[in-house]
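1. Turn this into a structure:
(chains A and B)
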Amino acid sequence: MKTDFLKNFCEYEKKGGVFPLIPYRFKWIGVIIAMAAVGALLAVKIVDVPQAEFYKQLLMHVILIGLFLFVIAKEKNEDERILNLRYRAFAFAFVLGTVMILLMPLAAIALDAIAHRLPLEWEQDQSIFFVMSSFLFYYLMYFQIFKRQL
Amino acid sequence: MNDKQLEKVRKGDFLLLPHYMKWVGIIPVLIGVMLFFTQDYQSMFKGKVLVGISVNLVLIGFLLIILRKGKFPDEHLLHIRHKAMAYAFMHGLTLVIVVPFLSYFAASLLNVEMDTYFMDFGIFSIFIFQIVYLINYWRFKQDL
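-> Model (predicted):
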């Protein structure tokens, strides 16, 4: 019974079931979610609400979800070639994002050295929102570039 | 950049390191882990700086391992690499999006006081990406 389930799952995964691409209309839903979250973030900043910190983090997370929906939504006419471009853009974004994150503290230290400041702390923005949104934006950039090159 | 290099980039063949980088990449990982676990015995780095440096060293080592060429590089392996990276991106991102909600619900169910529900584990998520990539790459190579 258990092996059957595993076998089915493997079959399902080989067909690309774990790499879910959702229908085209979710592209706009994702944009709307992200935009609404940005608006709410501004509202939280302007209007005085209790627990502002918590709402700020929650809304940033919602922005991430919106961007994620935007990224995995299908193109209007999705085919094998676009899927390959998608994989390639993901790979480029992965490498570029990781390299940028790893080199940034070194660049910060170099800047400190130029400005004759003592680097007292390991300062860098390591929050999940920063990392993920940079990855997603790199992906979108590369995907556009590759589509132009077709 | 000349035409040949541009053509290479267009095909998706980004800068790959030689095969022996596997052994070079292990060195920063080991140094980072050693730095982290011997913090009581040395006085060069302390506290946050030590954690930052050791984490960075480990991630750089893994990046070197990830970017090395296969023994016999060809187009199909490159395709597998791209596919594995895309899968790692997808799995890692799903994990990263779902985990804070899980921790939030767990905290409210168990009635535990937590400082931040949306934990700042940005660097750790990159580590997850790298590990998932290595697993996926190895798995796709088995299917060949």
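2. got any ranges where chain A has weak pLDDT?
-> Within chain A, the stretches with pLDDT under 70 are A:1-3, A:9-10, A:12-20, A:118-126.
3. can the lengthiest helix in it be found next to chain B?
-> Ranked by residue count, the top helix of chain A under DSSP state H comes out as helix A:80-114. Yes. Helix A:80-114 is in contact with chain B by CB under 8 Å from any CB of the partner chain, via A:84, A:86-88, A:90-95, A:97-99, A:101-102, A:105. No exception for glycine: its C-beta is placed from N, CA and C like everyone else's.
4. which of those residues sit farthest apart?
-> Greatest spacing in those, by CB to CB: A:Asn84 and A:Pro105 (34.4 Å).
5. any idea which element the closest residue to A:Leu140 other than its chain neighbours lies in?
-> Once flanking residues are discounted, A:Leu140 sits nearest to A:Val71: 6.9 Å by CB to CB, 6 or more residues apart in numbering or on different chains. Secondary-structure assignment from DSSP states H and E places A:Val71 in helix A:52-72.
6. So for that helix, what gets flagged as buried?
-> Residues of helix A:52-72 classed as buried: A:56-72 (neighbour count, 16 or more other CB atoms under 10 Å in any protein chain shown).
7. again, but for stretch A:94-113
-> Buried positions in stretch A:94-113, judged by neighbour count with 16+ other CB under 10 Å: A:Phe94, A:Val95, A:Leu96, A:Gly97, A:Thr98, A:Ile101, A:Leu102, A:Met104, A:Pro105.
8. in terms of contact, does the last one touch B:Asn56 like I think?
-> The one in question is A:Pro105. Yes. At 6.5 Å, A:Pro105 counts as touching B:Asn56 under the criterion of CB atoms under 8 Å.
9. Helix A:80-114 and the lengthiest helix in chain B, what's the angle between them?
-> Scanning chain B for the helix with the most residues, using DSSP H, yields helix B:75-110. Put simply, helix B:75-110 runs at 70 degrees to helix A:80-114, going by axes from the mean of the first three to the mean of the last three CA atoms, to 10 degrees.
10. and the angle for helix B:75-110 with helix A:52-72?
-> Calculated by the same axes, to 10 degrees, helix B:75-110 forms an angle of 150 degrees with helix A:52-72.
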